[in-house]
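S.K.: coordinates for the following, if possible.
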Amino acid sequence: MGWWKKKDSTHKVVVGGGGGTPVVVKMENPNFSMLELQSLSDEDEDFLISTSERNNNNNNKRRRNKNAKQLTWVLLLKAHRAAGCLTSLPPALFKLVSAIKRRVALGKTDTHSNNKTRFYSCIKLFLFLSLLLLCFEVAAYYDYKGLNFSALNLKGMFDWVYSIWVFVRVEYLAPPLQFLANVCIVLFIVQSLDRLVLCLGCFWIKFKKIRPVAKVSDADLESGDKGFFPMVLVQIPMCNEREVYQQSIAAVCNLDWPKSKLLIQVLDDSDDITTQSLINEEVQKWQQEGANILYRHRVIRDGYKAGNLKSAMNCGYVKDYEFVAIFDADFQPTPDFLKRTVPHFKDNDELGLVQARWSFVNKDENLLTRLQNINLAFHFEVEQQVNGVFLNFFGFNGTAGVWRIKTLEDAGGWLERTTVEDMDIAVRAHLHGWKFIFLNDVECQCELPESYEAYRKQQHRWHSGPMQLFRLCLPDIIRAKISIWKKFNMIFLFFLLRKLILPFYSFTLFCIILPMTMFVPEAELPAWVVCYIPATTSFLNILPALKSFPFIVPYLLFENTMSVTKFNAMISGLFQLGSAYEWVVTKKSGRSSEGDLVSLINEKSPKHQRGVSAPDLEEMKDEIQRQEKKASKKKKHNRIYMKELALAFLLLTASARSLLSAQGIHFYFLLFQGISFLLVGLDLIGEQLD
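M.R.: This is a model prediction of the structure:
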């Protein structure tokens, strides 16, 4: 059989006879792998040989041989690339271990108040028990495999102890654990259905192109002071906002609104004298440009942001204004912001609030900001928009909104009783019959926390405050003269389902019950609870930010990781523990402040004939550089978060136990969730500090 022979003697094929003998083809390149084919029958073999001999010089045959060689080379190239990826894994793992080692050596552990210590102690207890049970189960596993303890005369004792353990977990541990798991599964399904309904509502809004329309024509807006231009007060509350005060003041001073109808209050609660001086100088600079802007600094700084706003509203001149727009220090409204929001109040006496959407200048800064963008995109695109269209009620976001001052007065004004003064005033206004509008197409730029420490503190305040408010407002909601449906919406959907149940089941189900079921197998979680529903809800959450779809798995893992912070905050707020009243101003980086300031000044120069813009701009740049140098001199440390680390080891221990029972989907979920907790606990996500 010489039909396969070529001039190149290194290319040879050995074809065996029938009876199942394999055919071995050796390729030209000795680096190629061996290819085994099942042998052919005699008739097929003779047919192929005769066909090959007839078409030995045929061009089509050469082309096919060439294509086969090209395909082989492509496959070989992909194999080399795969091998290259495998070889790169050890260095990457070594770098990760080195980073962890440096973090442990240089990092600072997070501080704990009393209730946090108790919460951490509970997690450590679960970890200790899981490690003990893992050792016990491993010993039982190897005893079952035949590695007994007869040599040590311990087999009888071990069997007796293990039988007692099995009896205890079957009779006493499994029933309550299974009951708690079933409760969490029901809550999980209810919350997932709520997400689904919200997404369907958002789809309906887009399908029908529903959007709030102002009753003010373009002609009214273009007719100068004779058009619809009511008196508007703009407030910028801030506290030690050295990184961003310039950009917020510049943006607000560039609002396109008649100067005689606009007053800007810079409400500075800074306790740093240098920061106070810088902000005051910035206000004076814009006053010289003709802006109607005032600087206010409180001597007695009680009540945090709510106290600051309450103090400003007590000024005598406020009675001359009809509306108030609020912007936090890192927010940059576009010049037409008031023209796109205030007109909605015309001929709509029941309207109390117009809320704009947030957009983020640093959403692609790191993995942490990308994951935050997914959450907030769903919050604004789905939750706020659907509730605004169908219920005329949603929680005020604390900034980028315009209030009717009469609404604030009717609701009782700003109160310092919780750390979520924005949600507080919104709930009280809704109980008094006022309606809200959310404008999804009006955006106001701001920035996201870039470090996990800042994000963690922000989330603690955002989840403890609603529980404080729920305790305080529940009697008022029950007594309010509103419909039963509105009461049900506020109590069950607004507070319980979206503020309490979500962090409760997320932490309890995936961080406690799931690892415990590995050691108490009589209580089990179905695979669809561990896999399918979380994947579905994550997919629904990521729909408003489809560009972030590649991050769907990190998003799911990170949300479960954040559940420990949210659960702790929820418990603190619900039972009025010490940390419920913690208020830490979210740290800003001010990365976009210089560029935005330059653009705003360039736009302002021809309008107000600013002849000295260039020297002032250089002065601002120098000030920014001085601030950066001062910041660089301060020693910063990434923190080590002990609760997250303890949960990481708990989940990894449970994943090791799941290997013994060969539970595939549970093992992978526990493994990757444990790694997620480990990375967050070592502060390896977000801004990396030296």
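
S.K.: phi, psi for residue 439 please.
M.R.: phi -110, psi 100 (degrees, to the nearest 10).

S.K.: what does stretch 647-665 contact?
M.R.: 123, 126-127, 130-131, 133-134, 137-138, 141, 511, 514-516, 518-519, 521, 527, 530-531, 564, 666-667, 670-671, 673-678, 681 (CB atoms under 8 Å, 6 or more residues apart in numbering). Heads up, the C-betas are built off the backbone N, CA and C, glycines and all.

S.K.: how about it: buried residues?
M.R.: 647-660, 663 (16 or more other CB atoms under 10 Å).

S.K.: closest to residue 439 among those?
M.R.: Here the nearest of the buried residues of stretch 647-665 to residue 439, counting by CB to CB, is residue 647; it sits at 40.0 Å.

S.K.: please, which helix or strand holds the closest residue in space to that closest one that isn't next to it in sequence?
M.R.: Once flanking residues are discounted, residue 647 sits nearest to residue 677: 4.9 Å by CB to CB, 6 or more residues apart in numbering. Assigned by DSSP states H and E, residue 677 falls within helix 664-681.

S.K.: closest to residue 540 among the buried residues of stretch 647-665?
M.R.: residue 651 (24.8 Å).

S.K.: among the buried residues of stretch 647-665, which pair sits farthest apart?
M.R.: The widest separation within the buried residues of stretch 647-665 (CB to CB) is 21.1 Å, between 647 and 660.

S.K.: could you check the pLDDT of the closest residue to residue 671 other than its chain neighbours?
M.R.: In space, not counting the residues next to it along the chain, residue 671 is nearest to residue 655; the distance is 4.4 Å by CB to CB, 6+ apart. Listed pLDDT for residue 655 reads 91.

S.K.: that's a helix at residue 655, yeah?
M.R.: Yes. Counting by DSSP: H, G, I helix; E, B strand; the rest coil, residue 655 falls inside a helix.

S.K.: measure it to residue 677 for me?
M.R.: 11 Å (CB to CB, to the nearest Å).

S.K.: and for residue 235?
M.R.: In terms of CB to CB, residue 235 sits 40 Å off from residue 677.

S.K.: and if you look at residue 387?
M.R.: 33 Å.

S.K.: over to residue 390?
M.R.: 38 Å.

S.K.: those two: who's more crowded?
M.R.: residue 677 (27 against 14; other CB atoms under 10 Å).

S.K.: how about that one, what does it touch?
M.R.: With CB under 8 Å, 6+ apart, residue 677 has these contacts: 561, 644-645, 647-648, 651.

S.K.: one more time with 10 Å, if that's ok
M.R.: Counting by CB atoms under 10 Å, 6 or more residues apart in numbering, residue 677 touches 511, 557-558, 560-561, 564, 641, 643-652.

S.K.: in helices only, show me the residues you listed.
M.R.: Among the contacts of residue 677, the residues falling in helices (DSSP state H) are 557-558, 560-561, 564, 643-652.

S.K.: endpoint to endpoint, stretch 288-301 covers what distance?
M.R.: 29 Å (CA to CA, to the nearest Å).

S.K.: buried sites along it?
M.R.: 289, 291-293, 295-296.

S.K.: that one: how far from the chain's middle?
M.R.: Remark: stretch 288-301 is offset 35 Å from the chain centroid, using CA atoms, centre = their mean, to the nearest Å.

S.K.: so for it, mean pLDDT?
M.R.: Mean predicted confidence for stretch 288-301 is 91.

S.K.: the buried residues of stretch 288-301 in strands, which ones?
M.R.: Among the buried residues of stretch 288-301, DSSP state E puts 293, 295-296 in strands.

S.K.: from those, pick the one nearest residue 94.
M.R.: residue 295 (54.3 Å).

S.K.: I'd say that closest one and residue 268 touch.
M.R.: Yes. Using CB atoms under 10 Å, residue 295 is in contact with residue 268, at 6.6 Å.

S.K.: which parts of the stretch 451-600 of the chain are helices?
M.R.: Taking DSSP state H, counting those that start in this stretch to define them, one finds helices in the stretch 451-600 of the chain at 452-479, 484-488, 502-507, 514-519, 527, 533-542, 552-574, 593-608.

S.K.: other SSEs contacting the second one?
M.R.: Using 3 or more CB pairs under 10 Å, 6 or more residues apart in numbering; DSSP states H and E as the contact criterion, the secondary-structure elements in contact with helix 484-488 are helix 421-431, helix 452-479.

S.K.: just the fifth one next, same as before
M.R.: Helix 527 makes packing contacts with helix 664-681 when contacts are defined by 3+ CB pairs under 10 Å, 6+ apart.

S.K.: and if you look at the fourth one?
M.R.: Contact here means 3+ CB pairs under 10 Å, 6+ apart; on that basis helix 514-519 packs against helix 114-144, helix 174-208, helix 642-661, helix 664-681.

S.K.: pull the distance from that helix to the chain's centre.
M.R.: 27 Å.

S.K.: kindly report the same for the second one.
M.R.: Shown here is helix 484-488, whose average C-alpha point lies 30 Å from the average C-alpha point of the whole chain (CA atoms, centre = their mean).

S.K.: just the first one next, same as before
M.R.: In terms of CA atoms, centre = their mean, the centre of helix 452-479 is set 18 Å apart from its chain centre.

S.K.: same deal with the shortest one?
M.R.: Helix 527 sits 25 Å away from the centroid of its parent chain (CA atoms, centre = their mean).

S.K.: give me the contacts around it.
M.R.: 663-666, 669.

S.K.: do the second one as well
M.R.: Defining contact as CB under 10 Å, 6+ apart, one finds that helix 484-488 is touched by 391-393, 430-431, 477-480, 494.
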